[in-house]
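*Asks:* got a sequence here, can you model it:
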Amino acid sequence: MLMVVPLSEMGPGDKGIVVNILGGHNARQKLVSMGLTPGATIQVLESHPMGPIIISVGGVRFAIGKGLAGRVMVRKL
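*Replies:* Model prediction:
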């Protein structure tokens, strides 16, 4: 069974493939500029309850807020 979850629900060490980006044009544009496009492989490096999520995409680290991370739908690996 394929498990698709928002990036915001993944924990440290989790890996996945981006399947969809929800939201308006500005949110999508910001995420795409970070390399979060459908088919991209990502890994969660750190996740803080009251802070950002630190992810790795293509060997580059990014910090994104929980709200934005909730718009990225990921198939867990």
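
*Asks:* where does residue 31 land in three-state SS?
*Replies:* helix (DSSP: H, G, I helix; E, B strand; the rest coil).

*Asks:* which residue is the nearest non-sequential neighbour of it?
*Replies:* residue 21 (5.4 Å; Cβ to Cβ, 6 or more residues apart in numbering). The C-beta positions use only the backbone N, C-alpha and C, and glycine is treated the same way.

*Asks:* over to the one you found: give its phi and psi.
*Replies:* Here is the backbone geometry of residue 21 (degrees, to the nearest 10): phi -120, psi 120.

*Asks:* and residue 69, what does it touch?
*Replies:* Residues near residue 69 by Cβ atoms under 8 Å, 6 or more residues apart in numbering: 6-8, 53.

*Asks:* how about the helix or strand of the chain with the lowest mean pLDDT: buried residues?
*Replies:* Least confident element among the helices and strands of the chain, by mean pLDDT, DSSP states H and E: helix 25-33 (a mean of 87). Within helix 25-33, the residues that qualify as buried are 28, 31, counting by 16 or more other Cβ atoms under 10 Å.

*Asks:* and that helix, what does it pack against?
*Replies:* If you count contacts as 3 or more Cβ pairs under 8 Å, 6 or more residues apart in numbering; DSSP states H and E, helix 25-33 packs onto strand 15-21, helix 66-69.

*Asks:* wait, which of the ones you listed is closest to residue 75?
*Replies:* strand 15-21 (5.0 Å; Cβ to Cβ).

*Asks:* re earlier: turn the helices and strands packed on helix 25-33 into a markdown table, columns for mean pLDDT and distance to residue 58.
*Replies:* Below are these laid out as a markdown table (pLDDT from 0 to 100; distance: least, Cβ to Cβ, whole Å):
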| stretch | mean pLDDT | distance to residue 58 |
| --- | --- | --- |
| strand 15-21 | 95 | 11 |
| helix 66-69 | 91 | 17 |
